[in-house]
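A.B. asks: Here is a sequence with its predicted model. Questions after.
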Amino acid sequence: FGDLIHGDVWGPSRTASLLGHKWFLLLVDDHSRCTFVYFLKSKGDVCTMFRKFFEHIRTQYDANILTFHSDKGGEFTGKEFLGFLERKGIVARTTTHDTPQHNGVAERRNRSLLELGRTMLKDNGMPQMLWAESVRHATWIINRTPSRTLGGASPYECLTHHPPSLKGLFPFGQRVLVHAPDRSKTQSRALEGFWVGLDAGPHKQSNGARIYIPSSRRIAIERNFTPVIAPATSTASPKPLPLTPVPVESQDPVTESPQFEGEPPVPSDANRGSDEEIELELTEPAGNSEAAGTQHSTRQSARTRKP
(Lines give C-alpha, C1' and ligand atoms only; values in the text may rest on other atoms or scores of the structure.)
Protein backbone atom coordinates (compact mmCIF):
# COMPACT_ATOMS: atom_id res chain seq x y z
CA PHE A 1 0.00 0.00 0.00
CA GLY A 2 1.26 3.46 -0.90
CA ASP A 3 3.98 2.49 -3.37
CA LEU A 4 2.08 4.15 -6.24
CA ILE A 5 -0.61 6.79 -5.80
CA HIS A 6 -2.74 8.09 -8.68
CA GLY A 7 -4.05 11.65 -8.34
CA ASP A 8 -6.45 13.97 -10.11
CA VAL A 9 -8.40 17.17 -9.38
CA TRP A 10 -12.00 17.73 -10.48
CA GLY A 11 -13.72 21.09 -10.69
CA PRO A 12 -14.86 23.73 -10.52
CA SER A 13 -18.46 22.85 -9.81
CA ARG A 14 -21.09 25.29 -11.05
CA THR A 15 -22.81 25.00 -7.68
CA ALA A 16 -20.85 25.34 -4.46
CA SER A 17 -21.46 22.79 -1.74
CA LEU A 18 -22.97 23.66 1.63
CA LEU A 19 -19.47 24.32 2.96
CA GLY A 20 -18.39 26.32 -0.09
CA HIS A 21 -16.37 23.60 -1.85
CA LYS A 22 -16.05 23.65 -5.66
CA TRP A 23 -13.23 21.14 -6.27
CA PHE A 24 -12.11 17.82 -4.87
CA LEU A 25 -8.76 16.03 -4.84
CA LEU A 26 -8.96 12.36 -5.80
CA LEU A 27 -6.23 9.93 -4.64
CA VAL A 28 -6.27 6.22 -5.54
CA ASP A 29 -3.86 3.60 -4.24
CA ASP A 30 -2.65 1.35 -7.06
CA HIS A 31 -2.32 -1.77 -4.90
CA SER A 32 -5.67 -1.78 -3.07
CA ARG A 33 -7.62 0.59 -5.37
CA CYS A 34 -8.75 2.36 -2.20
CA THR A 35 -10.04 5.88 -2.94
CA PHE A 36 -9.57 9.01 -0.86
CA VAL A 37 -11.43 12.26 -1.60
CA TYR A 38 -10.59 15.71 -0.19
CA PHE A 39 -12.91 18.63 -0.95
CA LEU A 40 -11.32 21.97 -1.80
CA LYS A 41 -12.46 25.57 -1.84
CA SER A 42 -9.67 26.46 -4.28
CA LYS A 43 -6.96 24.65 -6.21
CA GLY A 44 -4.37 26.24 -3.94
CA ASP A 45 -5.41 23.79 -1.19
CA VAL A 46 -4.12 20.73 -3.11
CA CYS A 47 -0.71 20.71 -1.47
CA THR A 48 -2.21 21.12 2.02
CA MET A 49 -4.60 18.19 1.52
CA PHE A 50 -1.88 16.01 0.06
CA ARG A 51 0.23 16.60 3.16
CA LYS A 52 -2.69 15.44 5.30
CA PHE A 53 -3.00 12.32 3.17
CA PHE A 54 0.73 11.62 3.44
CA GLU A 55 0.67 11.86 7.23
CA HIS A 56 -2.54 9.82 7.45
CA ILE A 57 -1.29 6.74 5.61
CA ARG A 58 2.08 6.88 7.34
CA THR A 59 0.48 6.93 10.77
CA GLN A 60 -2.48 4.59 10.18
CA TYR A 61 -0.96 2.05 7.76
CA ASP A 62 2.79 2.56 8.23
CA ALA A 63 3.13 3.24 4.49
CA ASN A 64 5.30 5.63 2.53
CA ILE A 65 4.53 6.99 -0.90
CA LEU A 66 7.21 6.08 -3.43
CA THR A 67 5.68 7.42 -6.68
CA PHE A 68 2.92 9.92 -7.33
CA HIS A 69 1.30 9.67 -10.79
CA SER A 70 -0.81 12.55 -12.15
CA ASP A 71 -1.34 14.77 -15.17
CA LYS A 72 0.53 18.00 -15.79
CA GLY A 73 -1.98 20.22 -14.07
CA GLY A 74 -0.66 23.37 -12.47
CA GLU A 75 -1.70 22.14 -9.03
CA PHE A 76 0.74 19.21 -9.39
CA THR A 77 3.61 21.08 -11.06
CA GLY A 78 3.82 24.09 -8.76
CA LYS A 79 6.93 24.82 -6.73
CA GLU A 80 5.24 24.16 -3.41
CA PHE A 81 3.91 20.73 -4.41
CA LEU A 82 7.06 19.57 -6.19
CA GLY A 83 9.16 20.84 -3.29
CA PHE A 84 7.18 18.72 -0.84
CA LEU A 85 7.58 15.62 -3.02
CA GLU A 86 11.32 16.24 -3.29
CA ARG A 87 11.75 16.65 0.46
CA LYS A 88 9.89 13.39 1.13
CA GLY A 89 11.75 11.48 -1.57
CA ILE A 90 8.63 10.88 -3.68
CA VAL A 91 9.04 10.49 -7.43
CA ALA A 92 6.70 12.74 -9.43
CA ARG A 93 5.55 10.93 -12.58
CA THR A 94 3.40 13.00 -14.93
CA THR A 95 1.71 12.41 -18.26
CA THR A 96 2.28 14.38 -21.43
CA HIS A 97 -0.23 16.97 -22.60
CA ASP A 98 -3.53 15.86 -24.18
CA THR A 99 -3.17 12.26 -22.96
CA PRO A 100 -5.70 11.79 -20.14
CA GLN A 101 -5.78 8.05 -20.91
CA HIS A 102 -2.27 7.77 -19.45
CA ASN A 103 -3.77 8.68 -16.09
CA GLY A 104 -6.56 6.15 -16.58
CA VAL A 105 -6.88 4.85 -13.01
CA ALA A 106 -7.70 8.28 -11.56
CA GLU A 107 -9.78 9.37 -14.57
CA ARG A 108 -12.00 6.27 -14.49
CA ARG A 109 -12.49 6.48 -10.74
CA ASN A 110 -13.30 10.17 -11.10
CA ARG A 111 -16.01 9.32 -13.65
CA SER A 112 -17.45 6.52 -11.49
CA LEU A 113 -17.79 8.81 -8.47
CA LEU A 114 -19.48 11.59 -10.43
CA GLU A 115 -21.91 9.26 -12.21
CA LEU A 116 -22.88 7.50 -8.99
CA GLY A 117 -23.23 10.78 -7.11
CA ARG A 118 -25.30 12.37 -9.87
CA THR A 119 -27.58 9.34 -9.98
CA MET A 120 -28.23 9.50 -6.25
CA LEU A 121 -29.06 13.19 -6.40
CA LYS A 122 -31.39 12.76 -9.38
CA ASP A 123 -33.12 9.66 -8.08
CA ASN A 124 -34.01 11.24 -4.76
CA GLY A 125 -34.68 14.78 -5.94
CA MET A 126 -31.98 16.28 -3.72
CA PRO A 127 -30.65 19.82 -4.35
CA GLN A 128 -27.46 20.29 -6.36
CA MET A 129 -25.65 21.89 -3.43
CA LEU A 130 -25.43 18.38 -1.91
CA TRP A 131 -23.12 17.16 -4.69
CA ALA A 132 -20.22 16.93 -2.23
CA GLU A 133 -22.27 14.71 0.09
CA SER A 134 -23.23 12.42 -2.80
CA VAL A 135 -19.58 12.12 -3.93
CA ARG A 136 -18.52 11.43 -0.34
CA HIS A 137 -21.09 8.64 -0.01
CA ALA A 138 -20.20 7.28 -3.48
CA THR A 139 -16.58 6.99 -2.33
CA TRP A 140 -17.70 5.06 0.75
CA ILE A 141 -19.74 2.65 -1.42
CA ILE A 142 -17.01 2.06 -4.03
CA ASN A 143 -14.42 1.34 -1.34
CA ARG A 144 -16.70 -1.42 -0.05
CA THR A 145 -17.80 -2.87 -3.39
CA PRO A 146 -16.15 -6.09 -4.65
CA SER A 147 -13.76 -5.45 -7.51
CA ARG A 148 -12.79 -7.83 -10.30
CA THR A 149 -9.32 -6.27 -10.33
CA LEU A 150 -8.85 -7.41 -6.72
CA GLY A 151 -10.15 -10.93 -7.33
CA GLY A 152 -13.61 -10.26 -5.90
CA ALA A 153 -12.41 -8.45 -2.77
CA SER A 154 -13.28 -4.87 -1.94
CA PRO A 155 -10.66 -2.08 -1.62
CA TYR A 156 -11.53 -1.76 2.07
CA GLU A 157 -10.93 -5.48 2.63
CA CYS A 158 -7.67 -5.38 0.69
CA LEU A 159 -6.46 -2.45 2.79
CA THR A 160 -7.59 -3.50 6.28
CA HIS A 161 -7.82 -7.31 5.80
CA HIS A 162 -11.30 -7.22 7.33
CA PRO A 163 -14.67 -7.53 5.58
CA PRO A 164 -16.61 -4.25 5.45
CA SER A 165 -19.57 -3.66 7.72
CA LEU A 166 -22.77 -2.23 6.26
CA LYS A 167 -24.41 -1.61 9.62
CA GLY A 168 -26.39 1.61 9.79
CA LEU A 169 -26.59 1.99 6.01
CA PHE A 170 -29.69 3.63 4.52
CA PRO A 171 -30.54 4.68 0.97
CA PHE A 172 -29.14 8.07 0.07
CA GLY A 173 -31.86 10.68 0.57
CA GLN A 174 -33.85 8.55 3.03
CA ARG A 175 -36.36 10.77 4.85
CA VAL A 176 -35.82 10.70 8.61
CA LEU A 177 -37.16 12.41 11.72
CA VAL A 178 -34.42 13.68 14.02
CA HIS A 179 -35.19 13.89 17.72
CA ALA A 180 -34.90 17.50 18.97
CA PRO A 181 -35.32 17.53 22.79
CA ASP A 182 -34.17 21.15 23.18
CA ARG A 183 -37.24 22.64 21.49
CA SER A 184 -40.08 24.27 23.41
CA LYS A 185 -43.14 22.38 24.57
CA THR A 186 -45.32 23.92 21.90
CA GLN A 187 -42.99 23.00 19.08
CA SER A 188 -42.55 19.67 17.40
CA ARG A 189 -39.96 17.43 19.02
CA ALA A 190 -38.76 16.11 15.65
CA LEU A 191 -37.01 17.75 12.73
CA GLU A 192 -37.40 16.53 9.20
CA GLY A 193 -34.13 15.56 7.55
CA PHE A 194 -32.59 13.39 4.87
CA TRP A 195 -29.92 10.74 5.35
CA VAL A 196 -26.87 11.52 3.15
CA GLY A 197 -24.23 9.13 4.47
CA LEU A 198 -22.25 7.87 7.43
CA ASP A 199 -19.79 10.04 9.31
CA ALA A 200 -16.78 7.97 8.27
CA GLY A 201 -14.17 10.27 6.74
CA PRO A 202 -10.45 9.44 6.59
CA HIS A 203 -9.53 11.93 9.36
CA LYS A 204 -12.76 12.24 11.32
CA GLN A 205 -15.11 9.39 12.21
CA SER A 206 -18.01 8.82 14.59
CA ASN A 207 -20.85 6.38 15.08
CA GLY A 208 -23.39 8.90 13.77
CA ALA A 209 -24.92 9.65 10.41
CA ARG A 210 -24.83 12.75 8.26
CA ILE A 211 -28.33 14.26 8.11
CA TYR A 212 -29.28 17.14 5.87
CA ILE A 213 -31.71 19.50 7.67
CA PRO A 214 -33.61 21.54 5.04
CA SER A 215 -35.07 24.01 7.54
CA SER A 216 -31.59 25.23 8.56
CA ARG A 217 -29.70 24.22 5.38
CA ARG A 218 -26.97 22.38 7.26
CA ILE A 219 -25.45 18.93 7.73
CA ALA A 220 -25.90 17.55 11.23
CA ILE A 221 -24.19 14.52 12.74
CA GLU A 222 -27.01 12.63 14.42
CA ARG A 223 -27.67 9.21 15.83
CA ASN A 224 -31.07 9.59 17.45
CA PHE A 225 -33.30 9.58 14.38
CA THR A 226 -36.11 7.48 12.94
CA PRO A 227 -36.38 6.62 9.25
CA VAL A 228 -39.75 7.32 7.66
CA ILE A 229 -40.76 4.27 5.66
CA ALA A 230 -43.28 4.97 2.91
CA PRO A 231 -46.21 2.51 2.72
CA ALA A 232 -45.58 -0.26 0.24
CA THR A 233 -47.65 -0.11 -2.90
CA SER A 234 -49.28 -3.25 -4.25
CA THR A 235 -47.50 -4.59 -7.30
CA ALA A 236 -50.02 -7.39 -7.98
CA SER A 237 -51.48 -7.32 -11.46
CA PRO A 238 -55.21 -6.51 -11.64
CA LYS A 239 -57.64 -9.37 -12.18
CA PRO A 240 -58.71 -9.80 -15.81
CA LEU A 241 -62.23 -8.74 -16.67
CA PRO A 242 -64.71 -11.54 -17.53
CA LEU A 243 -65.14 -12.09 -21.26
CA THR A 244 -68.90 -11.72 -21.79
CA PRO A 245 -70.30 -11.84 -25.34
CA VAL A 246 -71.67 -8.52 -26.50
CA PRO A 247 -74.45 -8.81 -29.12
CA VAL A 248 -73.91 -6.77 -32.25
CA GLU A 249 -76.73 -4.29 -32.65
CA SER A 250 -78.11 -3.98 -36.16
CA GLN A 251 -78.01 -0.55 -37.76
CA ASP A 252 -81.13 -1.30 -39.84
CA PRO A 253 -83.50 -3.59 -37.92
CA VAL A 254 -85.82 -3.87 -40.94
CA THR A 255 -83.37 -5.25 -43.48
CA GLU A 256 -80.67 -6.75 -41.21
CA SER A 257 -80.77 -8.91 -38.12
CA PRO A 258 -77.99 -10.14 -35.82
CA GLN A 259 -76.64 -13.59 -36.56
CA PHE A 260 -76.09 -15.94 -33.65
CA GLU A 261 -74.32 -19.25 -33.58
CA GLY A 262 -76.60 -22.18 -34.41
CA GLU A 263 -79.10 -20.24 -36.54
CA PRO A 264 -79.36 -20.97 -40.28
CA PRO A 265 -78.14 -18.17 -42.52
CA VAL A 266 -80.77 -15.80 -43.85
CA PRO A 267 -81.02 -16.12 -47.62
CA SER A 268 -79.89 -13.09 -49.52
CA ASP A 269 -81.80 -11.23 -52.22
CA ALA A 270 -79.83 -13.08 -54.87
CA ASN A 271 -81.50 -16.38 -53.82
CA ARG A 272 -84.95 -14.88 -53.87
CA GLY A 273 -87.03 -14.43 -57.01
CA SER A 274 -87.00 -10.92 -58.43
CA ASP A 275 -90.14 -8.78 -58.55
CA GLU A 276 -90.28 -9.08 -62.36
CA GLU A 277 -90.33 -12.88 -62.23
CA ILE A 278 -93.15 -12.77 -59.72
CA GLU A 279 -95.18 -10.40 -61.87
CA LEU A 280 -94.66 -12.60 -64.94
CA GLU A 281 -95.93 -15.64 -63.10
CA LEU A 282 -98.99 -13.81 -61.89
CA THR A 283 -99.95 -12.36 -65.31
CA GLU A 284 -99.54 -15.58 -67.28
CA PRO A 285 -102.97 -16.35 -69.06
CA ALA A 286 -104.97 -19.41 -68.00
CA GLY A 287 -106.30 -21.82 -70.67
CA ASN A 288 -108.82 -23.79 -68.66
CA SER A 289 -110.04 -24.38 -65.16
CA GLU A 290 -107.08 -26.63 -64.50
CA ALA A 291 -104.81 -23.75 -65.55
CA ALA A 292 -106.79 -21.44 -63.29
CA GLY A 293 -106.17 -23.76 -60.39
CA THR A 294 -102.54 -23.79 -61.31
CA GLN A 295 -102.54 -19.99 -61.49
CA HIS A 296 -104.16 -19.81 -58.06
CA SER A 297 -101.56 -22.10 -56.58
CA THR A 298 -98.86 -20.01 -58.26
CA ARG A 299 -100.20 -16.88 -56.56
CA GLN A 300 -100.13 -18.66 -53.22
CA SER A 301 -96.61 -19.80 -53.72
CA ALA A 302 -95.63 -16.30 -54.86
CA ARG A 303 -97.12 -14.77 -51.69
CA THR A 304 -95.21 -17.30 -49.71
CA ARG A 305 -91.95 -16.51 -51.48
CA LYS A 306 -92.37 -12.77 -51.37
CA PRO A 307 -90.77 -11.29 -48.23
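C.D. replies: Arrived safely.
A.B. asks: Tell me the pLDDT of the residue nearest to P164 when sequence neighbours are not counted.
C.D. replies: If the residues on either side of it in the chain are set aside, P164 comes closest to R144, at 4.0 Å by CB to CB, 6 or more residues apart in numbering. For every residue, glycine as well, the C-beta is placed using N, CA and C. Predicted confidence (pLDDT) for R144: 95.
A.B. asks: Let me see the backbone angles for R144.
C.D. replies: phi -120, psi 20 (degrees, to the nearest 10).
A.B. asks: ok, which stretches of the stretch 101-250 of the chain are strands?
C.D. replies: Under the criterion DSSP state E, counting those that start in this stretch, the stretch 101-250 of the chain contains strands at 174-179, 190-200, 205-213, 218-222, 225-227.
A.B. asks: Format these as a markdown table; extra columns: distance to H162.
C.D. replies: Below are the strands of the stretch 101-250 of the chain laid out as a markdown table (distance: least, CB to CB, whole Å):
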| stretch | distance to H162 |
| --- | --- |
| strand 174-179 | 26 |
| strand 190-200 | 14 |
| strand 205-213 | 15 |
| strand 218-222 | 24 |
| strand 225-227 | 27 |
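A.B. asks: burial of the residue nearest to P164, as a residue count?
C.D. replies: Around R144 there are 16 other residues, counting by other CB atoms under 10 Å.
A.B. asks: quick one: it from R108, how far?
C.D. replies: Using CB to CB, to the nearest Å, R144 is found at 18 Å from R108.
A.B. asks: just to revisit the earlier point, any idea which of the strands of the stretch 101-250 of the chain gets closest to R118?
C.D. replies: Closest to R118 of the strands of the stretch 101-250 of the chain, according to CB to CB: strand 190-200, at 14.4 Å.
A.B. asks: Show me how far the closest one is from its chain's centre.
C.D. replies: 21 Å (CA atoms, centre = their mean, to the nearest Å).
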